[in-house]
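Peer 1: Below: sequence and its predicted model.
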Amino acid sequence: MISNETDTGNVFLCYPLLPDSCPRAQRLTILKVAMYVVMVLMILTTVFGNLLVIISISHFKQLQSPTHMIVQSLAACDCLLGSLVMPYSMVRSVEGCWYLGDVVCKVHSSLDMTFSISSILHLSLIAID
């Protein structure tokens, strides 16, 4: 029978059948729940706050200047970051392991880098403007 415990003591691995697997974070259940609640609130604030900016700029004609269009584009990028990247990062951060496979990991990393760099470029463009 294969044990999830390694030779170094009470260290549990994310994938017990792989000896070079990373150690799994051991947290109390109440701490995990608290972390999930805080992070879900952050994700919802990010998504709905940016949706509010997008809808406001789209709806009000006096806000449709070139500078506000850049802000709207930044909000769209951040909304995508909040909805497509942050939930997976939340699970990885709380659980301490990535359980979704290599393909999803590569897609997640690509989206994370793309949206983060895009946000930085938008902020730079707003600062220049």
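Peer 2: Arrived safely, thanks for sending. Numbers count the residues shown, from 1 in each chain.

Peer 1: List the buried residues for stretch 48-59?
Peer 2: Of the residues in stretch 48-59, those buried by neighbour count under the rule 16 or more other C-beta atoms under 10 Å are N50, V53, I54, I57. Placement of C-beta: from N, CA and C, glycine included.

Peer 1: Kindly report the same for stretch 87-101.
Peer 2: Judged by neighbour count (16+ other C-beta under 10 Å), stretch 87-101 contains these buried residues: Y88, M90, V91, V94, E95, G96, C97, W98.

Peer 1: Take those and keep only those in helices.
Peer 2: Members of the buried residues of stretch 87-101 lying in helices (criterion: DSSP state H): Y88, M90, V91, V94, E95.

Peer 1: Distance-wise, check the residue nearest the centre of the chain relative to H59.
Peer 2: Among the residues of the chain, the smallest C-alpha distance to the mean C-alpha position (C-alpha atoms, centre = their mean) belongs to M86, namely 1.9 Å. Spatial separation of M86 from H59 under the definition C-beta to C-beta, to the nearest Å is 26 Å.

Peer 1: same question, R24
Peer 2: Separation of R24 from H59 (C-beta to C-beta) stands at 47 Å.

Peer 1: Show me where the protein dips below the pLDDT cut-off.
Peer 2: Flagging of the chain using pLDDT under 70 yields the residue ranges 1-10.

Peer 1: how about the helices in it?
Peer 2: With helices called from DSSP H, the chain shows them at 29-59, 66-80, 86-95, 101-128.

Peer 1: Which elements pack onto the last one?
Peer 2: Okay, so that is helix 101-128. Here helix 101-128 touches helix 66-80, helix 86-95, going by 3 or more C-beta pairs under 8 Å, 6 or more residues apart in numbering; DSSP states H and E.

Peer 1: any chance of those in CSV, plus distance to L111?
Peer 2: Formatted as CSV, the helices and strands packed on helix 101-128 follow (distance: least, C-beta to C-beta, whole Å):
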stretch, distance to L111
helix 66-80, 8
helix 86-95, 9
